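1. could you work out the structure for the sequence below:
(chains A and B)
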2 protein chains.
Amino acid sequence: MSLLVVGSVAFDSVETPFGHRPEVLGGSATYFSTAASLFGPVRLVAVVGDDFPEQHVAFLAERGVDVSGLSRRPGRTFRWKGRYDFDLNNAHTLETHLNVFAEFDPVLPEAYRDSKFVFLANIDPDLQRSVLDQVKSPRLVACDTMNFWITSKRESLLKTLKRVDLLFVNDAEARQLAGEHNIVQAARRILTLGPRALVVKRGEYGALFFSGDQVFAASAYPLSALFDPTGAGDSFAGGFMGYLARTGKVDAGVMRRAIVLGGVVASFTVEQFSLDRLRTLTSAEIQARYAEFQQLSRFDDLELDLFAPGR
Amino acid sequence: MSLLVVGSVAFDSVETPFGHRPEVLGGSATYFSTAASLFGPVRLVAVVGDDFPEQHVAFLAERGVDVSGLSRRPGRTFRWKGRYDFDLNNAHTLETHLNVFAEFDPVLPEAYRDSKFVFLANIDPDLQRSVLDQVKSPRLVACDTMNFWITSKRESLLKTLKRVDLLFVNDAEARQLAGEHNIVQAARRILTLGPRALVVKRGEYGALFFSGDQVFAASAYPLSALFDPTGAGDSFAGGFMGYLARTGKVDAGVMRRAIVLGGVVASFTVEQFSLDRLRTLTSAEIQARYAEFQQLSRFDDLELDLFAPGR
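-> This next block holds a predicted model:
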């Protein structure tokens, strides 16, 4: 089924303890659509400046990303500069230049309006709702957000959440949104705000999925080489949503496999800078790591007669 | 098979955002043996002062803990005072009074020397080796340690590690011991120091197990109520080792089930203060949570024909 993403396309300048890459391709919608395109076509809505090279557009188009919703405006493309320390879990933003992204007003091409699976990447919640106003009858709407919107546009974000089926956040964002430290309690509270399902991303520790009384806990694939965490969250969402759109189903079993697949795709993303690893990633590599992940998280039933007498 | 623990028996005074408990029963060997006694008998070596109430000794003995190795010395019992903030992952030590524990010189009763499973709780690595000198032919030796010994008695700790089969540490300790931030790389380095297996405890995020090329990743049971993390690590080790000693096996499948069981027992420990939850914990409750844990970490094989053409 059709899959739509609305978000940013950007140039990132990234410093990690393992190297430095200036002005590489980045942005939430870029990571998402590159990841999701492993599973099938993706419709992209984003804005770039007149400095954005045609080769990047061609890269996306060749992967089956519909770029008819990628608009080009006079000015410079969104730029982000960040640094990660040895603890690669936290990005330190050094510079943010929104440039043409400051005036982003997502308009869906007519052909996009029947999209069945929709991912609203981390943008202003007002814009997220304006996208939803343009989609006719989506099967599943997912969104991402961040601490900035949770604090500065909370009311707008709450309005968006009422129209969303699935929310992706990290644990700090979940706690902040719910005003509750315990992650299970925080999840329960968030599920009263609109979304009927919640994915809590926990970086190197995996992810939790909550829906109704259902909980799924996925460990992360333990990586021996992690170079650049940029885009991990959007790759996760891209793998997750790409798989959902591919199967066209949203049952509990599909959701669980989607979370593991999202984690697998993200685990590849962070092995190299920018989108470099996703560019070469194959279905065979994904399947192999998925199987490895099954192997490393498998455990059997307990034996009988295990306990001390009287326990 | 027989199981021996050598460690501390103490009084803890604990403050958490959920309450305050002065002078409650605590100590690594207490938590370990109480947890392990769910599965079978445990031999305890520890020291207490003349202020230690007989009722606590009786409590352990009634659970099947052999207390003939618990010596009583003139003076006060080891006391620890600590505080946890809303982030319950880190204990802030307010006071430590070693008292009679400062002169702890573990001497094994003759009847303990044939112990097959041995757990060296977090004590001076010199003492850990002196215990091993007294055990005839153990089947499996496990030990715990902490940042204090890693920095202040590193050479002694390295000598101990050469005689240990299995090391339990948390992620910060693993990183510190290995001098390596990446946890997979850190684990590989630690496995060159002596232990043939390593359990990395990650608190609310679960645990990782490394042995040779084998990796097992267990999520933690997501708890909606966590009151007091004191003793979680020793309860984990107690559940783990109690189960191993019960089965008498150390194969890969048993190790995995032991890790999940250790996590299950620890998840109960932290639901109440001190050993309160362990006192009432039953085998039926453990089995139910183990089954729940299987349910919440289960996911199926991927469907075929999942990927976009050409991937």
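2. quick one: strands adjacent to the worst-scoring helix or strand of chain A on mean pLDDT?
-> The helix or strand of chain A with the lowest confidence, counting by mean pLDDT, DSSP states H and E, is strand A:91-97 at a mean of 92. The pairing partners recorded for strand A:91-97 under DSSP bridges are strand A:79-84 (antiparallel).
3. list the buried residues of the partner strand.
-> A:79-82, A:84 (16 or more other CB atoms under 10 Å in any protein chain shown). C-beta coordinates here come from the backbone N, C-alpha and C atoms, glycine included.
4. quick one: the helices in chain A?
-> Applying DSSP state H to chain A gives helices spanning A:28-36, A:54-62, A:125-134, A:147-152, A:154-161, A:171-178, A:183-190, A:232-247, A:252-269, A:276-280, A:283-296.
5. among the ones you listed, which is the most enclosed?
-> helix A:28-36 (a mean of 30; mean count of other CB atoms under 10 Å in any protein chain shown).
6. could I get the buried residues of strand A:79-84 as TSV with pLDDT?
-> Converted to TSV, the buried residues of strand A:79-84 look like this (pLDDT from 0 to 100):
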residue	pLDDT
A:R79	97
A:W80	96
A:K81	96
A:G82	95
A:Y84	91
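7. closest to chain B among the residues you listed?
-> A:Y84 (11.4 Å; CB to the nearest CB).
8. contacts only, for the closest one.
-> By CB atoms under 8 Å, 6 or more residues apart in numbering or on different chains, the contact list for A:Y84 reads A:14-17, A:90-92, A:228-229.
9. now render the buried residues of strand A:79-84 as JSON lines, adding distance to A:A207.
-> Below are these laid out as JSON lines (distance: CB to CB, whole Å):
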{"residue": "A:R79", "distance to A:A207": "29"}
{"residue": "A:W80", "distance to A:A207": "24"}
{"residue": "A:K81", "distance to A:A207": "28"}
{"residue": "A:G82", "distance to A:A207": "22"}
{"residue": "A:Y84", "distance to A:A207": "20"}
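10. just the closest of those to B:F119, please.
-> Nearest to B:F119 among the buried residues of strand A:79-84 is A:Y84, at 38.0 Å by CB to CB.
11. so what's the closest one bridging to?
-> If you apply DSSP bridges, the partners that A:Y84 bridges to are A:A91.
12. of the contacts of A:Y84, which one scores lowest on pLDDT?
-> pLDDT across those is at its lowest for A:N90, which sits at 77.
13. find the nearest non-adjacent residue to it, please.
-> A:Y84 (7.2 Å; CB to CB, 6 or more residues apart in numbering or on different chains).
14. get me the contact residues on the stretch 101-250 of chain A for chain B.
-> A:181-185, A:188, A:202, A:204-206, A:208, A:215-226, A:243, A:246-247 (CB under 8 Å from any CB of the partner chain).
15. which of these are buried?
-> A:182-185, A:188, A:202, A:204-206, A:208, A:215-223, A:226, A:243, A:246-247.
16. look at A:F299 and report its pLDDT.
-> We have a pLDDT of 96 for A:F299.
17. so it is in contact with B:F216, correct?
-> Yes - A:F299 lies in contact with B:F216 (CB atoms under 8 Å); the separation is 7.4 Å.
18. what touches both of these two?
-> Contacts common to A:F299 and B:F216, judged by CB under 8 Å, 6+ apart, are B:256, B:259.
19. my read: A:P109 touches A:S71, true?
-> No - between A:P109 and A:S71 there is no contact under CB under 8 Å: 9.8 Å.
20. tell me which of those two has more neighbours.
-> Using other CB atoms under 10 Å in any protein chain shown as the criterion, A:P109 and A:S71 rank with A:S71 on top: 16 against 13.
21. how close does the closest residue to that one other than its chain neighbours sit to A:D105?
-> Nearest residue to A:S71 in three dimensions, chain neighbours excluded: A:V47, at 5.1 Å (CB to CB, 6+ apart). For A:V47, the distance to A:D105 equals 8 Å [CB to CB, to the nearest Å].
22. which of the two has more neighbours?
-> Just comparing A:V47 and A:D105: by other CB under 10 Å the higher neighbour count belongs to A:V47, 25 against 8.
23. quick one: residues contacting the nearest residue to A:T96 once chain neighbours are set aside.
-> Closest residue in space to A:T96, ignoring its immediate chain neighbours: A:W80 at 5.6 Å, by CB to CB, 6+ apart. Applying CB under 8 Å, 6+ apart, we find A:W80 in contact with A:10-13, A:26, A:93, A:95-97.
24. and A:W80, bridged to which residues?
-> Under the criterion used (DSSP bridges), A:W80 bridges to A:D12, A:T96.
25. one more: A:G26?
-> Beta-bridge pairing of A:G26 under DSSP bridges involves A:A10.
26. just give me how far stretch A:142-152 sits from the chain centre.
-> Distance, stretch centre to chain centre, for stretch A:142-152: 13 Å (CA atoms, centre = their mean, to the nearest Å).
27. now do stretch A:39-57
-> For stretch A:39-57, the separation from the chain centroid amounts to 17 Å (computed by CA atoms, centre = their mean).
28. go on, stretch A:151-158?
-> Put simply, stretch A:151-158 sits 20 Å off its chain's centre (CA atoms, centre = their mean).
29. what's in contact with it?
-> Defining contact as CB under 8 Å, 6+ apart, one finds that stretch A:151-158 is touched by A:124-126, A:129, A:145, A:149-150, A:176-177, A:193-194.
30. in terms of distance to chain B, which of the residues you listed ranks first?
-> A:Q176 (12.8 Å).
31. quick check: that closest one vs A:E155, distance?
-> Computed as CB to CB, the A:Q176 to A:E155 distance reads 15 Å.
32. cool, A:A91 as well?
-> 27 Å.
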